[in-house]
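1. pasting a predicted model and its sequence here:
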Amino acid sequence: DGGITQSPKYLFRKEGQNVTLSCEQNLNHDAMYWYRQDPGQGLRLIYYSQIVNDFQKGDIAEGYSVSREKKESFPLTVTSAQKNPTAFYLCASSSGTGIYSGANVLTFGAGSRLTVL
Amino acid sequence: AQKVTQAQTEISVVEKEDVTLDCVYETRDTTYYLFWYKQPPSGELVFLIRRNSFDEQNEISGRYSWNFQKSTSSFNFTITASQVVDSAVYFCALGSAGKSTFGDGTTLTVKP
């Protein structure tokens, strides 16, 4: 079945460590996204990519980095520069790209919950 | 700037009651899209509906219905005869110019 796989589901990090969250999709979607979700808040966009080897910062990119070396993969690294990384991270993808890609339905993974100890 | 407001943080109803989730949006774009997503306890958001800014027809799908009113910039979601399985966080989202903006979500609890 087509979908998005995020791993790990739960992750614990010590302060000062970088961690990488995996996101893989087999939907053949061009666009991929990373969102952060905090309790009682909506989803905030971290980074997005509409094509391989290209990505753009979202609203809260500071302290995060991404890569898009393959169409199906969009890993997110939470660096030590991210001051408050404890959150639920959601990866999504969509089939549309371009200026009107806000029209496209997002397909989400099950999320990764990161806790800083 | 785009903004989506879901004023109801939490709603609790008893099974079989009807419930309406409110969504108000702000955008300067003339072409945009509105969405509702459901996030069950498992965490994965599930798409429910999309409407474009030129189509103000209300829509009904089973127990779900949506009321889009451009004049009040609202896109409200009604669940008729609610069930325990409807318990989830519901997000309204606005999409335009390549990105989606989400509201803070409404947590719906349906008690048996």
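-> Ah, there it is.
2. what ranges of the chain fall below the confidence cut-off?
-> All of this is about chain A. Counting by pLDDT under 70, chain A shows low-confidence ranges at A:98-101.
3. tell me the residue of it that sits nearest chain B?
-> Here chain A gets closest to chain B at one residue, A:G102, 3.2 Å apart by Cβ to the nearest Cβ. C-beta: built from backbone N, CA, C; applies to glycine.
4. can you get me a residue count around that residue?
-> Per other Cβ atoms under 10 Å in any protein chain shown, the neighbour tally for A:G102 reads 24.
5. how near is it to B:K99?
-> Per Cβ to Cβ, to the nearest Å, A:G102 is found 6 Å from B:K99.
6. in chain A, which spans are strands?
-> Here chain A has its strands, by DSSP state E, at A:4-7, A:10-13, A:19-25, A:31-37, A:43-51, A:54-57, A:64-66, A:76-78, A:87-94, A:107-108, A:112-116.
7. format those strands as JSON lines; extra columns: mean neighbour count.
-> Below are the strands of chain A laid out as JSON lines (neighbours: other Cβ atoms under 10 Å in any protein chain shown):
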{"stretch": "strand A:4-7", "mean neighbour count": "18"}
{"stretch": "strand A:10-13", "mean neighbour count": "14"}
{"stretch": "strand A:19-25", "mean neighbour count": "19"}
{"stretch": "strand A:31-37", "mean neighbour count": "25"}
{"stretch": "strand A:43-51", "mean neighbour count": "21"}
{"stretch": "strand A:54-57", "mean neighbour count": "14"}
{"stretch": "strand A:64-66", "mean neighbour count": "20"}
{"stretch": "strand A:76-78", "mean neighbour count": "20"}
{"stretch": "strand A:87-94", "mean neighbour count": "24"}
{"stretch": "strand A:107-108", "mean neighbour count": "21"}
{"stretch": "strand A:112-116", "mean neighbour count": "18"}
